[in-house]
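>>> My questions are about this predicted structure, shown below with the sequence.
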Amino acid sequence: MTRRKKKIILVQLSIFLLGFFLLYNTYFKKNIESVEIVEKGTKTDTNANTNNFTDIEYSGFDLSGNRYVLQSKKADFESETPELVNMLGVTANFYLDDGTVLKVISDKGLYNNITLNMDFKENVKATYLTNILLSDQLIYLNSSGKLLASGNVHGESIEKGEFFADNVEYSLANKSLDFSMFGNNQVNVRVKK
């Protein structure tokens, strides 16, 4: 084999490997959920079946490709169900693909580190641009990219006014709100003029 043929084969092999690497990173690696656990504080054990932590942070990407950071002042999980993390003093930031940030704060929360679903409870406050949503509970469903608010839902917008509802569904993909009430009650909306 001549020296020229060896160079051509080497160049072709390099191009093939580069193409394979790009295809792998583009199509296969993109669907893998990344979750990173950063322990800032110390682990404290009060019960043999419960693991307790302080100042915990989870970060990663949801199925829609949005980056999130979930922080908690205190957290614990049972040894039998380590994927379910109970949290106190919860803050979550969702960095959406259009460059905006959705921030959720609550007194309590539950995080499933396998499905990446989040359940915020008690004194929930969600802030997005100039909009504020207050509720008793807010659930983030990773598989559908939706936020479900329930219990004393009150929304305020500087530009549009305010609303009161029993349930609100917010889609992160198309940024739309769906309101509903229990029974025959109607959604109460006050629009600014």
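Right, received. Where do you want to start?

>>> next helix or strand past whichever strand or helix holds Leu84?
Assigned by DSSP states H and E, Leu84 belongs to strand 81-95. Using DSSP H and E, the next helix or strand after strand 81-95 towards the C-terminus is strand 101-112.

>>> ok and the helix or strand following that next one relative to strand 81-95, angle-wise?
Proceeding N to C from strand 101-112, the next assigned helix or strand is strand 118-128, under DSSP H and E. Put simply, strand 118-128 runs at 10 degrees to strand 81-95, going by axes from the mean of the first three to the mean of the last three Cα atoms, to 10 degrees.

>>> Can you show me the helices along this structure?
3-23 (DSSP state H).

>>> Outline the domain layout of it.
1-32, 33-191 (automatic domain parsing).

>>> need those domains in a markdown table with mean pLDDT and mean neighbour count, can you?
Just so you know, the C-beta spots here come from the backbone N, C-alpha and C atoms, and that holds for glycine as well. A markdown table is the format used below for the domains of the chain (pLDDT from 0 to 100; neighbours: other Cβ atoms under 10 Å):
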| stretch | mean pLDDT | mean neighbour count |
| --- | --- | --- |
| domain 1-32 | 72 | 9 |
| domain 33-191 | 82 | 16 |
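
>>> Closest to the centroid, which residue in this structure?
Tyr68 (5.1 Å; Cα atoms, centre = their mean).

>>> hmm, back to that, could you check the angle the strand holding Leu84 makes with strand 101-112?
180 degrees.

>>> What lies in contact with strand 81-95?
51, 56, 58, 62, 66-78, 101-114, 118, 120, 140, 172 (Cβ atoms under 8 Å, 6 or more residues apart in numbering).

>>> And that strand, how far out from the chain middle?
10 Å (Cα atoms, centre = their mean, to the nearest Å).

>>> quick one: strands adjacent to that strand?
strand 67-78 (antiparallel), strand 101-112 (antiparallel) (DSSP bridges).

>>> any chance of these in TSV, plus distance to Val90?
TSV is the format used below for the strands paired with strand 81-95 (distance: least, Cβ to Cβ, whole Å):
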stretch	distance to Val90
strand 67-78	5
strand 101-112	4
